[in-house]
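Novice: Would you be able to build a 3D model of this:
(one chain, ligands or ions: 1)
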Amino acid sequence: MLLNLLIKFNEDENKKMVDIKNVLVLGAGLMGSGIAQVSLMAGYNVKLVDVKDEFVDNGYSKIEEGLRKLESKKALGEGVTANAILAKCKKSIDLATAVKDADFVIEAVIEKMDVKQKVCKTVMDNGSSHVIFASNTSTMSITEIGKNSGAPERVCGMHFFNPVPLMRCIEVIKGAATSDQTFNTAMEVAGKFPCLRGDRYIAPVLKDRPGFIVNRMNSPVIIYLHWAFDEAEKRGIPWERLDADAGGKMPMPPCVLTDFTGIDTNFHIMNYYKETLSPDFEPGKVITDLYKKGDLGQKTGRGFYDWSKGRDAIMVKIKNAEPAGIFDLNTLFAIMLNEGCRILDEGIASGFKVIDEANMAGMNAPGPFGAGKKNYAEWSKILEDLANKTGKKYLKPIELMKSGEFSKMRK
Ligand code: NAI
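Specialist: Here you go, the predicted model:
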């Protein structure tokens, strides 16, 4: 009886949430300024921290600009002014002091493991005994970041999508040592951040695996695209004909999208997954050549396309081109379904509904499970053929997809 009471007491203690009032956003760059803006709009007291005054000031100016624009559109709510919201934002370049009264820290510093580990330890060494450290990393292991912090149970992931005020999805990630209380508190905090384009969707990521949910599911599509680029080059087919294969059904067809994201980013993403998921993520020849030449896409004016005459000129060329018959959208969905099944299989998401919703909220694109429930058998055949044709074993359908058993794993 006494033991039962004790267990019950401990469970209740674990569920008890700390009342979060003070949020510290670390890193005032692109993501940090967006995160600070939505934290302020959620009603939190915010401290914006970076390494130099000018970086903090730049971030603060972006927040101010965002809030003033919303105020002019009367989108801040009845009687709420940008000035009143900004009054709750403080600036600092001294993390060790600024963190003393913080309840919740969201880290958006540069994507380097040693920097993230260092700031995490500074937070745990100088912060209160309840402070939570949430990392906005897109590629790094949450477990690694918190490992030597002294309080790994209070470290979790909180992965936003760019631009933060507009993209609905936030993934909250449980590291190997993250406590339930930390995870639940982070889920609750994430749910409070407003979104300017519809309701937020908070995706619980139950295991700390590369790419979390949304990026992971989309990652092997790039293996297919690299193969398609190389195939088109081998056959001397121009890029606009390959892009015409998308039949106008993608907001940006493959070559345009890759140029837009940046050839270097694409190259680095593939290398990251090559290290963490499978050697089959080896970047293809076309992308490697463009990367080495420094033709990095839209930002350098040249990649697959010459961007000097603007995107519209490229889109007209694609519209008038004869499709190459190399790339097809069903295959793309089949690859996503297979990876979605891996996410279920590895216990990263509790059910496919989470995966589809996260993809819609994070990518503005439907996930594969809706159509996959009807098409999994046909799509499995497509993937068997594709794996043979490309020599990429990673693209082979896994048992959970082939059997259709995933359809029972809804929630
Ligand atoms: P950014 O380069 O715009 O900003 C990074 C900021 O961190 C800079 O202002 C820099 O001065 C600051 N910083 C560096 N070391 C620091 C330290 N020790 N203490 C405090 N501040 C420090 O980078 P961005 O794009 O905002 O990315 C930040 C994080 O968000 C990265 O981990 C990135 O992977 C992640 N992320 C980025 C997305 C994107 O689309 N850019 C999307 C999702 C996540």
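Novice: Contact partners for Ala87?
Specialist: If you count contacts by CB atoms under 8 Å, 6 or more residues apart in numbering, Ala87 has none. Where you see a C-beta, it was placed from the backbone N, CA and C, and this is true even at glycine.
Novice: Check the gap between it and Gly43 for me.
Specialist: 12 Å (CB to CB, to the nearest Å).
Novice: By proximity to the ligand, which residue of the stretch 151-300 of the chain wins?
Specialist: Across the stretch 151-300 of the chain, the shortest distance to the ligand (CB to the nearest ligand atom) belongs to Asn162, at 3.4 Å.
Novice: Can you mark which positions in stretch 400-411 are buried?
Specialist: Within stretch 400-411, the residues that qualify as buried are Leu400, Met401, Lys402, Phe406, Met409, counting by 16 or more other CB atoms under 10 Å.
Novice: quick one: which of those is nearest Thr185?
Specialist: Met409 (26.9 Å; CB to CB).
Novice: Can you tell me the SS state at Glu64?
Specialist: Three-state assignment for Glu64 (DSSP: H, G, I helix; E, B strand; the rest coil): helix.
Novice: doesn't Leu86 make contact with it?
Specialist: Yes. At 6.2 Å, Glu64 and Leu86 qualify as touching, with contact defined as CB atoms under 8 Å.
Novice: in what helix or strand does the residue of the stretch 151-300 of the chain closest to the ligand lie?
Specialist: Using DSSP states H and E, Asn162 sits within no helix or strand.
Novice: In this structure it contacts Leu30, no?
Specialist: Yes. Here Asn162 reaches Leu30: they are 6.7 Å apart, a contact under CB under 8 Å.
Novice: And the two? Which one has more around it.
Specialist: Neighbour count, other CB atoms under 10 Å: between Asn162 and Leu30, Leu30 has more, with 14 against 10.
Novice: ok, that one - contacts?
Specialist: With CB under 8 Å, 6+ apart, Leu30 has these contacts: Asn162.
Novice: can you tell me how far it sits from Phe55?
Specialist: Distance from Leu30 to Phe55, by CB to CB: 11 Å.
Novice: what's the answer for Ala98, then?
Specialist: 14 Å.
Novice: Comparing these two, which residue is more hemmed in?
Specialist: More crowded of Ala98 and Phe55, by other CB under 10 Å: Ala98, with 22 against 18.
Novice: does any part of stretch 55-71 sit near the ligand?
Specialist: Yes. Stretch 55-71 reaches the ligand (CB under 6 Å from any ligand atom) through Phe55.
Novice: then that stretch to PDB, C-alphas only?
Specialist: What follows is stretch 55-71, C-alpha atoms only, in PDB (Å, rounded to 0.1, in the frame of the first residue of the first chain):
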ATOM      1  CA  PHE A  55      23.800  40.300 -34.000                       C
ATOM      2  CA  VAL A  56      21.200  40.800 -31.200                       C
ATOM      3  CA  ASP A  57      20.200  44.200 -32.600                       C
ATOM      4  CA  ASN A  58      19.800  42.700 -36.000                       C
ATOM      5  CA  GLY A  59      17.600  40.000 -34.700                       C
ATOM      6  CA  TYR A  60      15.600  42.500 -32.600                       C
ATOM      7  CA  SER A  61      15.000  44.700 -35.700                       C
ATOM      8  CA  LYS A  62      13.600  41.700 -37.600                       C
ATOM      9  CA  ILE A  63      11.200  41.000 -34.700                       C
ATOM     10  CA  GLU A  64      10.200  44.600 -34.500                       C
ATOM     11  CA  GLU A  65       9.600  44.700 -38.300                       C
ATOM     12  CA  GLY A  66       7.500  41.600 -38.100                       C
ATOM     13  CA  LEU A  67       5.400  42.900 -35.200                       C
ATOM     14  CA  ARG A  68       4.900  46.300 -36.800                       C
ATOM     15  CA  LYS A  69       3.700  44.700 -40.000                       C
ATOM     16  CA  LEU A  70       1.200  42.600 -38.100                       C
ATOM     17  CA  GLU A  71       0.000  45.700 -36.100                       C
END
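Novice: Please list the residues of this structure that sit near the ligand.
Specialist: 26-32, 49-51, 55, 108-111, 115, 119, 136-138, 160, 162.
Novice: which ones are touching the residue in the chain that the ligand sits nearest to?
Specialist: Scanning the chain for proximity to the ligand using CB to the nearest ligand atom identifies Gly29 as nearest, at 1.9 Å. By CB under 8 Å, 6+ apart, Gly29 lies in contact with Asp50, Phe55, Gly59, Ala108, Ile110.
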